[in-house]
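K.L.:
Quick one: sequence and predicted model below, then my questions.
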Amino acid sequence: MDYTHLGRTGLVVSRIVLGTMNFGPRTSEPDAHDIMDAAQASGINFFDTANGYGGPDHHGHTEEIIGNWFAKGGSRREKTVLATKLYGDMGETWPNSGKLSALNIRNSIDASLRRLQTDHVELIQFHHVDRETPWDEIWQAVEIAVQQGKVIYAGSSNFAGWHIAQAQEAAKSRHFLGLVSEQSLYNLIVRDIEREVIPAAQQYGLGIIPWSPLQGGLLGGVIKGHSDTARRNEGRSAESIEAHRPQLEAYEALADELGATPAQLGLAWLLHQPAVTGPITGPRTADQLDGILGALDVKLDAQVLARLDELFPGHKTAPEDYAW
């Protein structure tokens, strides 16, 4: 396993992040436990979840599955850098049951800790920006959680570059560490964060944690059948495949040329991008994890990176992306 620091912190995390969104809705609890055991055995120490994961009728179930795994002991909790998220209303329709008010931050953290059967999380992430709550209130609530030992670091998810700047300047005025990571949609097909989010992350010392690194499986080998094509080749997924078919055919041919699977190539590309800590991968079985880990062995030289840029053009930083 390869490791790096999370943003500008001293925290050391694996360059492959175990995503747990499938735990519950698609992956049974016993299988989820097997995946987490296999992940730790491979050296993965960075696990990502959210309080809303578990399905529309069972928000929080994924955290419960992880908590039951921790309860097995064997240093499972001690070896895990645990990241969860808050923002959504958890299926309730009662005031203050969502977003980033100080009250909801406090209640959500406490509820997550109960489900996770732990006394702290290493990283609490804001799942969405809250345009109605001032940053002084947000940071005061997080500062209290840090002082109580319930949280160590804070991160964002789905923020714009200016949201990151706003958060960091408010934290700076309070002499607080502020955000240390940003979890964004990022892959070869969707590269919008290159305009402003990645530059902001680099400026303020945030680690980028890409979600959907294979764009819902499109970069996982849908043309030649490497991925779960039966599930994906329907409706909008089928339309996406046809819209990108020439690119995907050339991309999968390049993967074959490099002796890698398409999924490994897509993950390896992210590992070569600036500010990226590690992509979030969501294996549904322990066997799928083995293929994911192979991405660490795929080294891409400048020529290959240029070929990928030709297939899937990216963005310059703003304003050069759209102006002189």
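P.N.:
Looks like it arrived, so ask away.
K.L.:
going forward, measure contacts and count neighbours with C-alpha atoms only.
P.N.:
OK.
K.L.:
Residue 200 and residue 165 touch, don't they?
P.N.:
Yes - counting by Cα atoms under 8 Å, residue 200 does reach residue 165; the two are 6.9 Å apart.
K.L.:
so where do the helices sit in the stretch 201-324 of the chain?
P.N.:
When assigned using DSSP state H, counting those that start in this stretch, the helices of the stretch 201-324 of the chain occupy the ranges 229-232, 235-243, 245-258, 262-271, 286-293, 302-311.
K.L.:
any idea which of these is most buried?
P.N.:
Comparing the helices of the stretch 201-324 of the chain by mean neighbour count (mean count of other Cα atoms under 10 Å), helix 262-271 comes out on top with a mean of 25.
K.L.:
Just the angle for that helix relative to helix 302-311, thanks.
P.N.:
100 degrees (axes from the mean of the first three to the mean of the last three Cα atoms, to 10 degrees).
K.L.:
what about helix 262-271, distance to the chain center?
P.N.:
The chain centroid and the centroid of helix 262-271 are separated by 15 Å under Cα atoms, centre = their mean, to the nearest Å.
K.L.:
Might you quantify the distance of stretch 283-301 from its chain's geometric centre?
P.N.:
16 Å.
K.L.:
Report how many residues lie close to the closest residue to residue 268 other than its chain neighbours.
P.N.:
Spatial nearest neighbour of residue 268, excluding adjacent residues (Cα to Cα, 6 or more residues apart in numbering): residue 295 at 5.2 Å. Residue 295 is flanked by 22 other residues according to other Cα atoms under 10 Å.
K.L.:
next one: the one 4 residues further on
P.N.:
The criterion is other Cα under 10 Å. On that basis, residue 299 has 13 neighbouring residues.
K.L.:
low pLDDT regions in the stretch 201-324 of the chain?
P.N.:
Along the stretch 201-324 of the chain, segments meeting pLDDT under 70 span 226-236.
K.L.:
please redo it, this time with the cut-off set to 80
P.N.:
In the predicted model, the stretch 201-324 of the chain carries pLDDT under 80 at residues 225-236.
K.L.:
Find me the pLDDT at residue 127, would you?
P.N.:
Looking at residue 127, its pLDDT reads 96.
K.L.:
got a list of what it touches?
P.N.:
85-88, 156-158 (Cα atoms under 8 Å, 6 or more residues apart in numbering).
K.L.:
One more: residue 145?
P.N.:
106, 151.
K.L.:
Figure out the helix or strand that it lives in.
P.N.:
Here residue 145 sits within helix 135-147, counting by DSSP states H and E.
K.L.:
For that helix, buried residues please.
P.N.:
Going by neighbour count (16 or more other Cα atoms under 10 Å), the buried part of helix 135-147 is 135, 138-139, 141-143, 145-146.
K.L.:
Over to stretch 63-83?
P.N.:
Buried-residue list, stretch 63-83, by 16+ other Cα under 10 Å: 63-70, 77, 80-83.
K.L.:
What of stretch 91-105?
P.N.:
97-102, 104-105.
K.L.:
Which residue ranges of the stretch 1-150 of the chain form strands?
P.N.:
3-5, 12-14, 17-19, 46-48, 81-86, 121-126 (DSSP state E, counting those that start in this stretch).
K.L.:
name the helices or strands packed onto the first one?
P.N.:
Which is strand 3-5. Judged by 3 or more Cα pairs under 8 Å, 6 or more residues apart in numbering; DSSP states H and E, the packing partners of strand 3-5 are strand 12-14.
K.L.:
Distance from the strand it packs on to the middle of the chain?
P.N.:
So, by Cα atoms, centre = their mean, the centroid of strand 12-14 is 14 Å from its chain's centroid.
K.L.:
just checking, what packs against it?
P.N.:
strand 3-5.
K.L.:
mind listing what the strand it packs on pairs with, with the direction of each?
P.N.:
strand 12-14 (antiparallel) (DSSP bridges).
K.L.:
Give me the buried positions along the strand it pairs with.
P.N.:
13-14.
K.L.:
Which residues does that strand contact?
P.N.:
Taking Cα under 8 Å, 6+ apart as the rule, strand 12-14 contacts 1-6, 43-46, 81, 278.
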